[in-house]
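Visitor: Quick one, fold the following:
(2 chains)
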Amino acid sequence: MFPVINWNLVSLEVLMSIILVGLTVLDIVLPKNTQKDWLGLLSFIALLGLIAFWLTQGALRGVTFSGMFVMDPLAWFFKAFFLVVMVFIFAMTREFFKSLGERRNEFYLLLWLALIGMCLIASSADFLMLFISIEVLTISLYVMTAYLKTDKLSIEAGMKYLILGSLAAGFFLYGISFLYGAAHSTHFGVIEYFCRTHAMSSMTLFALVLIFAAVSFKAAAVPFNLWVADVYQGAPTPVTALLSVGSKAAGFVVLMRLFFFVFNAWHPQWSLVLAILSAITMTYGNLIAMFQTNIKRLLGYSSVAHAGYLLMGLAAGTALGAAGINYYLLGYLFTNLAAFMVIVVFSMAAGSDAIADYAGLSRRSGILALGLLLALVSLAGIPPLAGFFGKFILLMAVIKSGYVWLALIAAANIVVSFYYYLMVARRVYVDPPAADAAPVVVAQGLRLLLIFAMAGIIAIGIFQGPFFNAALTAIK
Amino acid sequence: MTPDLSWIFLSPLLGLILVALVPPERTCLIRRISAVATLVPFVLSVWAYAAYDHAAGGFQFVQSVPWVLPLGISYHLGIDGINSLLIVLLGAVSFTAVLISSSIKERIKEYYILLLITILGTYGAFLSLDIFFFYFFHEVAAVPVFLMIAIWGSEKREYAAMKLTLYLAAGAAVALVGLLALYLASGVQTFDLVALQAQLARHPIPIGVQNWIFPLIVVGFGITLTLWPFYTWAPVGYGEAPTAVSMLHAGVLKKLGAYAIIRFAIQLMPQAAHVWMPFIAALAVANIIHCGLVALTQRDLKYLLGYSSCSHMGYILLGLACFNTMGINGVVYLMFAHGIMAALAFALTGFVETQTKTRDLDEWGGITKYMPFVGTCFIMAALASAGVPGFANFVAEILVLLGAWDQYRWYTVWAVFGLVITAIYLMKAIRLGFQGPPRPQFASLTDARTTVDKLPYALLLALLILTGCLPTVILSHIQTSTRVIVESMR
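Guide: Numbering: from 1, shown residues only, chains lettered A, B, ... in the order given. Prediction:
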């Protein structure tokens, strides 16, 4: 009997593939010398359409492709998440590549490919499927990271990302093969059954460690976080934004699926390991972030620190922890993307990412300064902004699971992070601008999007109820 | 008709939105909006205080809206004898702080927005009967205070701003862990203070668990209250901050720490309080004596007042450790009295500093000769601070000392000695800065002449004298609530 494919479940991916193909054709057909950014514009409209479509698909449930593709609330939540992320990324890309001319069209296609990869990751229910989806995302990111062909830093970033990414992929496959050896399947359901019926052996432990290490590459957590600072700095800023929000969220959706579902029965064995890794990750990220002078590097280490906070939710291993991760990522989306939008606009105007050049930004552009301030304060986890409540839930989750020491380490880390976020805020608001500094002009579209992101930061911070319910429903 | 508590913190919010919409050049309008936005909650607070029914007791004018149901978080406002007094304190201090901010001449719009956010957060924290929202509002003030000190402060402002913020953040983070542990250990999924009080009175948390949660909360919020040895942020913070921030922080914001300790630590975990508070009492004496002695060596008046403020927090901590009605009454009374006194003293110092461009007492000489009104007001504030009868501080400190006498005899002796130290450094300050030889270069200085200039100082001074001479206005009020707390500790 042939397996019946339920095309409804994959409607989003199918639509996106059609759009991708359509845009590719359009790119070939369009006259080469056109100045108008047709692909960017169409992509933007298509994304908004897809979001509208996806919001009506909240009740989609089921499994297809012989159980390799699953559609559940978690997948729905994260696909919606990725779509919103992409709205911001496309807007930033249009701004960032104004000077690049036709080469930006290929960039848009790569962004679509990355989006498809992320959506497939959220729906993977089989290790092979997961591996392929991760590679779809990662390979497009390799290319995009090294996209600025004349910029040494960009090439270096692409190279580093490629080498470490390949290593991670190798680890991943190696881990899967061990798991296959034990459970005789790569399917999540089968392995989940195997975990319930078998104790953890040294072989499966080894597999688990390898798989975690590989996924931590996406999540930017210890031990696979060494690429972060250089790649964040060198990559074109929209790609950095995508890495820090989209790619990280993709890493966490995988971790959540694996550790809350597949390996859930072994929770007592791995939870302590994750707690320790979480503590190391956040401490490492925060301590090194203190000494950064480049804003993209600073956000890179801060992104490592945030991966550490997020791992607290995994270590807790409870529904509360999972809801905390979802909520945190939701706040992180608006927060980090607001920061990166400011960075894109500022670097286009000032030609620099050095924190010192942000001096007196509040007198050069009120909205950029406010956007950056809100983002930094939210990253620091101060109410009434989005970052606070996410940390609040995660702390609650780890204390509930008995890791009071982890909560205290996190508390100490939060204080350390205050220091470097406030140092940037101080530059922006306190220091006088350089004598020759001109006001920074923000294009109308980006200004609207920045206001939208700021509204998101505040709304998620104050009206926690509906967002928390959404985060909670996603893991049911 | 009863006062609507939501409007108390919504009016500064409304005010700051209006200020944000006004173009920055319209400074006069901005100042007026801010004054109204703080006067309205002040009036509402006094009204709520007057309308509070002592006989009935408990929490009144309650408003409750479920906010995050699965976690038991609700928007829950209400007042009892304690926080109704503290919102009056905040009302008086915030209104005067806005009035004396007319000395700010740069970036006026940003200044008032940040000031109003601070005031709004503090009101929210005092009014919230939900632990989550208490913490939420209490932290709202963190960034505005940082920016205000860093932008409008004096010489070492950036260092001071960072130090103050990091200390307070550390305290808040530790306290948060404690509060979350308390929430989880209580066994009822709620952050609602009233529900927690009811639950924990019947089923206390096991003493072993209480014993590690309690110090987290007390030390965490103790940092806000300048608990020895975590007080070093305060003198430098207050010293370098713009006057309005010193007033608000020394007068009101640090009292949030004491308020939280009473409400969340002592009342909800009385068994652990009996174990831990004797140690806190010892630290309180260290506060009184050590900070007092350091204050003796200061020549910068703002630093002197900062150390003095840390020293006086020792009395609050000592009173908290008493477990009797008199002690706790004294604590609440002192929170009010010290708040008004500190705000007054910082406001006057700021007034003189703006004109003389220095805070060095040796240079001031006999400033009273050229500024009779301001000088006299400062001398009266100093007398109040030293515990001279007739001012509110006297009543409060006597209550604390009497409350402490039975349990901590030696500590009380030291605390009385601390009053002597207070008297010495304040008299010294008056002799050096206010009644010394007049400096001719200050002959052209102007005193507070118009009614508007005098209003903030007169208002605070009047409150100090009124509550000093008529203690029952406050005592009969706070007793209804402190009695409940003391009973829960038996």
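Visitor: mind listing what's buried in stretch B:427-447?
Guide: Within stretch B:427-447, the residues that count as buried by 16 or more other C-beta atoms under 10 Å in any protein chain shown are B:428, B:429, B:430, B:432, B:433, B:434, B:435, B:436, B:439, B:442, B:445, B:447. For the C-beta atoms, the positions are set from N, CA and C on the backbone; glycine is no exception.
Visitor: contacting residues around the closest residue to residue A:266 other than its chain neighbours?
Guide: Residue nearest to residue A:266 in three dimensions, not counting chain neighbours: residue A:200, with 5.0 Å by C-beta to C-beta, 6 or more residues apart in numbering or on different chains. By C-beta atoms under 8 Å, 6 or more residues apart in numbering or on different chains, the contact set of residue A:200 is A:208, A:266, A:269.
Visitor: In terms of helix, strand or coil, where does residue 257 fall?
Guide: All of this is about chain A. helix (DSSP: H, G, I helix; E, B strand; the rest coil).
Visitor: same check, this time on the one 4 residues further on
Guide: On the three-state scheme (three-state DSSP), residue A:261 is labelled helix.
Visitor: neighbours around it, how many?
Guide: Residues near residue A:261, counting by other C-beta atoms under 10 Å in any protein chain shown, number 19.
Visitor: wait, what's in contact with the residue of the stretch 1-150 of chain A found nearest chain B?
Guide: The minimum distance from the stretch 1-150 of chain A to chain B, using C-beta to the nearest C-beta, falls at residue A:73 (15.5 Å). By C-beta under 8 Å, 6+ apart, the contact list for residue A:73 reads A:61, A:473, A:474, A:475, A:476.
Visitor: switch the cut-off to 7 Å
Guide: If a contact means C-beta atoms under 7 Å, 6 or more residues apart in numbering or on different chains, then residue A:73 has A:473, A:474, A:476 as its contacts.
Visitor: Return the member of these nearest to residue A:238.
Guide: Proximity of these to residue A:238 (C-beta to C-beta) peaks at residue A:474, which lies at 26.4 Å.
Visitor: measure that closest one to residue B:317 for me?
Guide: Counting by C-beta to C-beta, to the nearest Å, the gap from residue A:474 to residue B:317 is 46 Å.
Visitor: So for these two, which sits in the more crowded spot?
Guide: A count of neighbours by other C-beta under 10 Å puts residue B:317 above the other of residue A:474 and residue B:317, at 29 against 24.
Visitor: could you say which helix or strand contains the closest residue to that one other than its chain neighbours?
Guide: Computed as C-beta to C-beta, 6+ apart, the closest residue to residue B:317 that is not its neighbour in sequence is residue B:284, at 3.6 Å. If you go by DSSP states H and E, residue B:284 is part of helix B:270-286.
Visitor: Which of the buried residues of stretch B:427-447 fall within helices?
Guide: Applying DSSP state H to these, the entries found in helices are B:428, B:429.
Visitor: Spatially, which two of the buried residues of stretch B:427-447 are the most separated?
Guide: B:428 and B:447 (23.4 Å).
Visitor: remind me which residues of the stretch 101-250 of chain B are low pLDDT?
Guide: Along the stretch 101-250 of chain B, no part satisfies pLDDT under 70.
Visitor: Which residues of it lie near chain A?
Guide: B:136, B:139-140, B:142-143, B:146-147, B:150-151, B:158, B:162, B:165-166, B:169-170, B:173-174, B:176-177, B:180-181, B:184 (C-beta under 7 Å from any C-beta of the partner chain).
Visitor: sorry, back to before: for the contacts of residue A:200, which entry has the maximal number of neighbours?
Guide: Going by other C-beta under 10 Å, residue A:208 tops the contacts of residue A:200 with 23 neighbours.
Visitor: got a list of what it touches?
Guide: Residue A:208 makes contact with A:263, A:270, according to C-beta under 7 Å, 6+ apart.
Visitor: ditto for the one 10 residues further on
Guide: Residues touching residue A:218, when contacts are defined by C-beta under 7 Å, 6+ apart, comprise A:134, A:247, A:248, A:250, A:251.
Visitor: before we move on, what about residue B:393?
Guide: Neighbours of residue B:393 in contact, by C-beta under 7 Å, 6+ apart: B:337, B:338, B:341, B:384, B:385, B:387.
Visitor: Just the ones of the residues you listed in helices?
Guide: Those of the contacts of residue B:393 lying in helices (DSSP H): B:337, B:338, B:341, B:384, B:385.
Visitor: that older thread, so can I have JSON lines of the buried residues of stretch B:427-447 showing distance to residue A:371 and pLDDT?
Guide: What follows is the buried residues of stretch B:427-447, written out as JSON lines (distance: C-beta to C-beta, whole Å; pLDDT from 0 to 100):
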{"residue": "B:428", "distance to residue A:371": "50", "pLDDT": "91"}
{"residue": "B:429", "distance to residue A:371": "46", "pLDDT": "91"}
{"residue": "B:430", "distance to residue A:371": "50", "pLDDT": "91"}
{"residue": "B:432", "distance to residue A:371": "49", "pLDDT": "88"}
{"residue": "B:433", "distance to residue A:371": "46", "pLDDT": "87"}
{"residue": "B:434", "distance to residue A:371": "48", "pLDDT": "88"}
{"residue": "B:435", "distance to residue A:371": "53", "pLDDT": "88"}
{"residue": "B:436", "distance to residue A:371": "52", "pLDDT": "85"}
{"residue": "B:439", "distance to residue A:371": "49", "pLDDT": "85"}
{"residue": "B:442", "distance to residue A:371": "46", "pLDDT": "83"}
{"residue": "B:445", "distance to residue A:371": "44", "pLDDT": "83"}
{"residue": "B:447", "distance to residue A:371": "45", "pLDDT": "83"}
